[in-house]
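Novice: the following comprises the amino acid sequence and a computationally predicted model.
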Amino acid sequence: MMSLFRIALIGAGAMGCQHAGYLTKEPTARLVAIADPFSSALADETGIERFTDHREMLDQVRPDAVIIANPNDLHVTTAIDCLERGIPALLEKPVACSQDEANQLIAAQQRYDVPILVGHHRRHNPVAARAKAIIDAGRLGRLATVTGMWQTCKPDDYFTMEWRRRQGAGVILINLVHDLDLLRHFCGEISAVQAMTHNTLRGFEVEDSAIVQLEFTNGALGSLTGSDAVVSPWGWDQNVNEVPLYAKHLDQSCYFLAGSEGALSVPQLALWRYGEARGWQHQLVCESHRYTQDSAQQRQLAHFLEVARGQADPLVGVADAARTLAVIDAIQEAARTGQRQVPLAP
Ligand SMILES: NC(=O)c1ccc[n+]([C@@H]2O[C@H](COP(=O)([O-])OP(=O)(O)OC[C@H]3O[C@@H](n4cnc5c(N)ncnc54)[C@H](O)[C@@H]3O)[C@@H](O)[C@H]2O)c1
């Protein structure tokens, strides 16, 4: 019989508690320790031992694997602490706060050769795999335009945590990072960006709204609009039945992709194509594609256990996530300078 995998959690806030919940449904693993210097709520609720210093926890508990869900600016140093001890990690996104930081993590990983899975959980959602299969099968023809949205109204108390108002947070790094990861997955690498941002709705140090233009290496052009301070039903979290916390508007779409032969809405997977005749005077025919509903986070966890046991390579590794971060760095620079920017490959 396979022995239970011993998992430790670093950072037991909103996301860490979600991970702990998914772990209770995973029959081959259990949570054995928690490191969080400020919050004891999860430890109090579960009776699992809590440490205030994650290094002490790693050395004393020696877990088989770790889930890192602390604030963004601690991701790289914490992940390196795990690598140094030979402990595989599921590292929440963003992989780092800047490309320089991500490069430090890539270098450390090459030194220690221990796997890290980055928490771009949407990639584990069956709808993402189905959309990619439709695109890769050429059903849209030559991909030309992509429109994406992630717009919602975070509750004001979400921002009582100071780190969420400071540099290293913001709607681009916290939320659009998921959309950019997925658009890269669907459409290929991003070769250039332009962007505008503002913080006028919330007035924090970081942006609350952004509009980004994307050029893909295959020639497709995209736009991505994001805000955490507007009233809107359009965004992956509202449109995909993935995280219970968010109110759902499942009949709405967050991505629209169009090519020379067809157009696709996501997550509905409505594929629009011409029938016998082509041209705007002819009615389009809509083909509905089905997919199995399944929890992306639960699937991510199951995959992480395989990665940590050496049975699979990470679906989203550090170098891959660093490419999305390079796009984000370019977006921030484009917004700052008003100039088109080319992401620097890690
Ligand atoms: N994958 C997703 O969809 C998703 C969703 C939300 C958040 N996240 C990511 O998860 C991470 C945590 O976000 P959150 O919303 O849970 O934030 P949070 O503020 O609710 O939780 C962070 C926790 O980390 C703890 N912490 C602070 N310093 C620490 C340290 N030195 N060691 C250990 N713990 C420490 C805090 O006390 C807090 O409990 C962030 O990186 C965020 O980007 C991912």
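Specialist: Perfect, thanks for sending it.
Novice: near T145, how many other residues are there?
Specialist: Neighbour count for T145, taken as other CB atoms under 10 Å: 13. C-beta here means a position set from N, CA and C on the backbone, and glycine is covered the same way.
Novice: residues touching the residue lying closest to it once chain neighbours are set aside, list them.
Specialist: Sequence neighbours aside, A258 is the residue nearest to T145 in space, at 4.9 Å (criterion: CB to CB, 6 or more residues apart in numbering). Contact analysis of A258 by CB atoms under 8 Å, 6 or more residues apart in numbering lists 140, 143-146, 264.
Novice: show me which residues of the stretch 1-150 of the chain sit near the ligand.
Specialist: Neighbours of the ligand within the stretch 1-150 of the chain, by CB under 6 Å from any ligand atom: 10-16, 35-39, 54, 69-72, 74, 92-93, 119, 121.
Novice: of the contacts of A258 - the most surrounded one?
Specialist: Among those, the one with the most neighbours (other CB under 10 Å) is L264, at 26 neighbours.
Novice: give me the phi and psi for that residue.
Specialist: L264 has phi and psi values of phi -130, psi 130 when expressed as degrees, to the nearest 10.
Novice: bridging residues for the nearest residue to it once chain neighbours are set aside?
Specialist: Distances taken as CB to CB, 6+ apart place L257 nearest to L264, at 4.8 Å, with adjacent residues excluded. Bridge pairing for L257 (DSSP bridges) gives the partners V146, L264.
Novice: how many neighbours does L257 have?
Specialist: 25.
Novice: so what's it up against?
Specialist: Taking CB under 8 Å, 6+ apart, one finds 135, 140, 143, 145-147, 186-187, 263-264, 266 in contact with L257.
Novice: also G170?
Specialist: 206-208.
Novice: and what of Q109?
Specialist: Contacts of Q109 (CB under 8 Å, 6+ apart): 83, 116, 318.
Novice: which of the residues in whichever strand or helix holds L42 are buried?
Specialist: Following DSSP states H and E, one finds L42 within helix 41-46. Residues of helix 41-46 classed as buried by neighbour count (16 or more other CB atoms under 10 Å): 42-43.
Novice: the helix or strand that it is followed by - contacts with which helices or strands?
Specialist: Downstream of helix 41-46, the next assigned helix or strand under DSSP H and E is strand 50-51. Packing partners of strand 50-51 (3 or more CB pairs under 8 Å, 6 or more residues apart in numbering; DSSP states H and E): strand 29-35.
Novice: the strand it packs on pairs with which strands?
Specialist: Checking strand 29-35 against DSSP bridges gives partners strand 5-10 (parallel), strand 50-51 (parallel).
Novice: what's the most buried one of the ones you listed?
Specialist: Among those, ranked by average contacts under mean count of other CB atoms under 10 Å, first place goes to strand 5-10 (a mean of 24).
Novice: contacts made by it with the rest, please.
Specialist: Applying CB under 8 Å, 6+ apart, the contact partners of strand 5-10 are 16, 19-20, 23, 28-36, 42, 54, 57-58, 61, 63-70, 78, 305, 308-309.
Novice: switch to 6 Å and redo it
Specialist: For strand 5-10, the external contacting residues (CB atoms under 6 Å, 6 or more residues apart in numbering) are 16, 28-29, 31-35, 54, 61, 63-68, 70, 78, 305.
Novice: mind checking the SS state of Q300?
Specialist: The assignment at Q300 comes out as helix when based on DSSP: H, G, I helix; E, B strand; the rest coil.
Novice: OK, contacts around it?
Specialist: Shown in contact with Q300 (CB under 6 Å, 6+ apart): 121, 124.
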